[in-house]
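Asks: from the sequence below, what's the structure:
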Amino acid sequence: MPYFPLIQHYPTVILADGDFPTHPIALQILQEAKTIVCCDGATENLLQNHLTPTAIVGDMDSLSAARRKQFAAIIHQVTEQDTNDLTKAVNFCRQQNYGDITILGATGKREDHTLGNISLLAQYAAHTNVQLITNYGVFVALHQSATLESRAGQQVSLFALQSDAKITTRGLRYPLQNRTLTSWWQGSLNEAKGDSFSLLFENCGLLVYRNLDLS
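Replies: Numbers count the residues shown, from 1 in each chain. Reported below is the predicted structural model:
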C-alpha cells in the first residue's frame with residue numbers, strides 16, 4: 001500500500017487567499033518552496049511576509065492596478081468563472097509541470113470557501129500528489145487503500161466522498177470494520193494509536209485529516 005508521511009516537503013506551494021500560514025511547519029514549507037504560485041488575492045499577504053511569487057494566477061479581481069503593473073510578467077489571468085482561483089492555480093501548476101503541490105492558506109475567513117477548497121482536494125489528487133496544510137492540521141485525499149504516518153494520540157478524521165463506501169481501519173482507537181459512512185461526522189474525531197494507521201477501502205475517495213499539534 002502507498003505510505004503517506006505526515007508532511008511531504010513538496011517543491012511547489014499554492015498560496016490561497018484564506019488565513020495566512022502561522023504554524024511553524026506550514027511557514028517552513030512556504031519559505032523553502034522552490035515555486036510559489038499565488039492566487040491573486042493572496043499576493044499582498046505574501047509580499048508583506050517578504051516573499052515573492054513565482055506566478056500569480058486568477059481572474060485578478062483581487063489584485064490592485066499597481067500590483068498588476070508591477071507583476072505583469074508573472075501574471076496568468078484566467079477569466080472563466082467555472083472554477084475558483086485555487087483550481088485555476090492547480091491547473092496552472094499542472095500545465096507548467098510544477099509537480100507535487102502543497103496548498104496553504106485555503107481555509108479560514110469564509111466557511112463556504114473552506115469547505116469548497118477541502119472538497120476539491122480529491123479532484124486534484126486524481127492527477128497529482130497534493131496536500132492541504134492549515135494552521136491546525138493536514139488534509140490528504142486518497143483514491144486507494146494506504147498507510148499514513150501518525151503518532152500515538154494524534155487526532156484523525158476520515159471523510160468518505162461516496163455514501164456507499166465501505167472502510168476498514170487498522171491502528172485507530174475507534175476501529176471501523178467494513179463500515180459505511182453515510183454522513184461526514186461519522187468518521188471524524190478518531191485517534192491514532194501509534195506511529196502509523198492503515199485505511200482499507202475500494203471504489204471511493206477518502207479525505208483524511210491529521211492534526212499538527214505535535215507537542
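Asks: could I get the contacting residues of Ser150?
Replies: Leu6, Val156, Gly171, Ala192, Gly194, Asp195, Ser196, Phe197, Arg210 (CB atoms under 8 Å, 6 or more residues apart in numbering). For every residue, glycine as well, the C-beta is placed using N, CA and C.
Asks: what pLDDT does it get?
Replies: Per-residue pLDDT puts Ser150 at 97.
Asks: now do Ala26
Replies: In this prediction Ala26 is given a pLDDT of 95.
Asks: so what's it closest to, chain neighbours aside?
Replies: Ile133 (4.9 Å; CB to CB, 6 or more residues apart in numbering).
Asks: in the sheet, which residues pair with the one you found? Tell me.
Replies: Leu104, Val138 (DSSP bridges).
Asks: which helix or which strand is home to Gln28?
Replies: Taking DSSP states H and E as the definition, one finds Gln28 inside helix 24-32.
Asks: show me what that helix is packed against.
Replies: strand 12-15, strand 101-104, strand 130-133 (3 or more CB pairs under 8 Å, 6 or more residues apart in numbering; DSSP states H and E).
Asks: and these, which is most packed in?
Replies: Comparing the helices and strands packed on helix 24-32 by mean neighbour count (mean count of other CB atoms under 10 Å), strand 12-15 comes out on top with a mean of 28.
Asks: quick one: average pLDDT of that one?
Replies: The model assigns strand 12-15 a mean pLDDT of 98.
Asks: quick one: strands adjacent to it?
Replies: Strand 12-15 is paired, per DSSP bridges, with strand 35-39 (parallel), strand 101-104 (parallel).
Asks: can you give the contact residues for it?
Replies: Against strand 12-15 from outside (CB under 8 Å, 6+ apart): 29-30, 33-39, 42, 45-46, 53, 86, 89-90, 93, 98-105.
Asks: which among these count as buried?
Replies: 29-30, 33, 35-39, 42, 45-46, 53, 86, 89-90, 93, 98, 101-105 (16 or more other CB atoms under 10 Å).
Asks: ok, the closest residue to Tyr174 other than its chain neighbours - contacts?
Replies: Leaving out its chain neighbours, the residue that sits closest to Tyr174 by CB to CB, 6+ apart is Asn190, at 5.2 Å. If you count contacts by CB under 8 Å, 6+ apart, Asn190 has them with Gln155, Val156, Ser157, Leu158, Thr169, Leu172, Arg173, Tyr174.
Asks: now swap in Tyr98 and tell me
Replies: Pro11, Thr12, Thr35, Val37.
Asks: distance check, the residue nearest in space to the middle of the chain against Gln162.
Replies: Note on the chain: the residue nearest the mean C-alpha position is Leu132, at 1.6 Å, using CA atoms, centre = their mean. For Leu132, the distance to Gln162 (CB to CB, to the nearest Å) stands at 20 Å.
Asks: try Glu111
Replies: Distance from Glu111 to Gln162, by CB to CB: 23 Å.
Asks: what does His50 give?
Replies: 44 Å.
Asks: the more surrounded of those two?
Replies: The residue with more neighbours, out of His50 and Gln162, is Gln162; 13 against 7, by other CB atoms under 10 Å.
Asks: no further questions, thank you.
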